[in-house]
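Asker: next one to model:
(chains A and B)
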Amino acid sequence: KQEVTQIPAALSVPEGENLVLNCSFTDSAIYNLQWFRQDPGKGLTSLLLIQSSQREQTSGRLNASLDKSSGRSTLYIAASQPGDSATYLCAVGPGGSATNKLIFGTGTLLAVQP
Amino acid sequence: ETGVTQSPTHLIKTRGQQVTLRCSSQSGHNTVSWYQQALGQGPQFIFQYYREEENGRGNFPPRFSGLQFPNYSSELNVNALELDDSALYLCASSTGTDTQYFGPGTRLTVL
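Answerer: Predicted coordinates:
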């Protein structure tokens, strides 16, 4: 059974810092991995999608990497801003499944202090 | 291009009642997935619909049921509500195994 873990559960940094959020998964047979942002009480905003054949994806100040063999992904945020404060969730799409379901971690709550 | 929309935004029900939540998928998307997110947790997969057929189900009891319509919009129905059903219900639309786009969610409170 696939399990997804995110560390740390919460993180507080001063504005301008570069930071890394971690995601690990137990079964390396994944189809893809997706990073989301969630503001309090709101839906999810897709940030980056990495297919299983890819090693990383970049969008603006965000860079996500994927290492299937070790069951890890990282989300790197450069030059953090107060507007980056939110919960960040990673989710894996399991391989060998006809269903495009996502298995989520419990998230990292990020606070960027001005 | 309109995004994923959900209705209602908030809902309060009492134990034992039934509820229907609605989701309109993004234009061109034929797959809708439903997730339940309890407070402080990640979303949990309930089920998925592809072209009006259920295409996979998570670990939820049969009192959670759904429908997808010819225009690919979808409903989630929950019968015999329990206190633990209180959560944010999210739907996501996609085309096949591509990126899933989530709606804003429906906050259900069961008293």
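
Asker: name the helix or strand for the closest residue to chain A within chain B, please.
Answerer: Closest to chain A within chain B is B:G56: 2.8 Å, counting by C-beta to the nearest C-beta. Heads up, the C-betas are built off the backbone N, CA and C, glycines and all. Following DSSP states H and E, one finds B:G56 within strand B:53-57.

Asker: which residue is the nearest non-sequential neighbour of the residue positioned nearest the centre of chain B?
Answerer: Geometric centre of chain B, nearest residue: B:W34, 3.5 Å, by C-alpha atoms, centre = their mean. What sits nearest to B:W34 in space, not counting adjacent residues and going by C-beta to C-beta, 6 or more residues apart in numbering or on different chains, is B:I46, at 4.3 Å.

Asker: what number of residues lie near residue 93?
Answerer: With no chain named, the answer covers chain A. Neighbourhood size, A:G93 [other C-beta atoms under 10 Å in any protein chain shown]: 21.

Asker: hmm, I had chain B in mind actually
Answerer: The criterion is other C-beta under 10 Å. On that basis, B:S93 has 25 neighbouring residues.

Asker: quick check: end-to-end length of stretch B:24-38?
Answerer: From the first residue to the last, stretch B:24-38 extends over 22 Å; the measure is C-alpha to C-alpha, to the nearest Å.

Asker: which residues sit in contact with the residue nearest to B:W34?
Answerer: The neighbours of B:I46, taking C-beta atoms under 8 Å, 6 or more residues apart in numbering or on different chains as the test, are B:33-36, B:57-58, B:60, B:64, B:66, B:76.

Asker: now with 6 Å, please.
Answerer: Counting by C-beta atoms under 6 Å, 6 or more residues apart in numbering or on different chains, B:I46 touches B:34, B:36, B:58, B:60, B:64.

Asker: tell me which of those residues fall in strands.
Answerer: When these are checked against strands (DSSP state E), the matches are B:34, B:36, B:64.

Asker: could those be laid out in a markdown table, adding pLDDT?
Answerer: As requested, the ones in strands among the contacts of B:I46 are exported to a markdown table (pLDDT from 0 to 100):
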| residue | pLDDT |
| --- | --- |
| B:W34 | 97 |
| B:Q36 | 98 |
| B:F64 | 98 |
